[in-house]
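# got a sequence here, can you model it:
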Amino acid sequence: MIKINNENYCGEINIDSKITGYGEVQGYSWCLSSTSTTIVIEIAEDQSIDSKSLPLVGYGCGGWVYEQPLTKNENDILAIINTAMMLFRDNKMTYLPTVTCSCSDL
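Below is the predicted model:
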């Protein structure tokens, strides 16, 4: 486990077969996860959502998403997180609204 604690954001990440992480940035919860090809960072718009309850962005809540190609290099992962947090702070991160579905009775 790698702990992150700086003036703009905090959290922790794990680098195993799957990369995971969570934390807080400016009062918002974030999580990091990996697929076979990408690293994804999500920041929930709803400040009442705990970081360990993510990922929900786009489905359970609106929020911001940042994706990059998969790497298992610790320094590269930390750089990806730092870039995402700077983009968030500068309001330049991709925003996804909550997906809603409505069904009508036939």
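
# buried set for the host helix or strand of N82?
For N82, the host element (DSSP states H and E) is helix 74-89. For helix 74-89, the buried set under the neighbour-count rule, 16 or more other CB atoms under 10 Å, comprises I77, I80, I81, A84, M85, L87, F88. No exception for glycine: its C-beta is placed from N, CA and C like everyone else's.

# same question for stretch 41-49.
I41, E42, I43, A44, E45, I49.

# that one: end-to-end distance?
Using CA to CA, to the nearest Å, the end-to-end distance of stretch 41-49 comes to 15 Å.

# low-confidence ranges, this structure, go.
54-60, 100-106 (pLDDT under 70).

# the most centrally placed residue in it bridge partners, please.
Residue closest to the mean C-alpha point of the chain, counted by CA atoms, centre = their mean, is E42 at 2.2 Å. Beta-bridge partners recorded for E42 (DSSP bridges): C31, V65.

# thought it was touching V25?
No - the criterion here is CB atoms under 8 Å, and E42 misses it with V25 at 11.2 Å.
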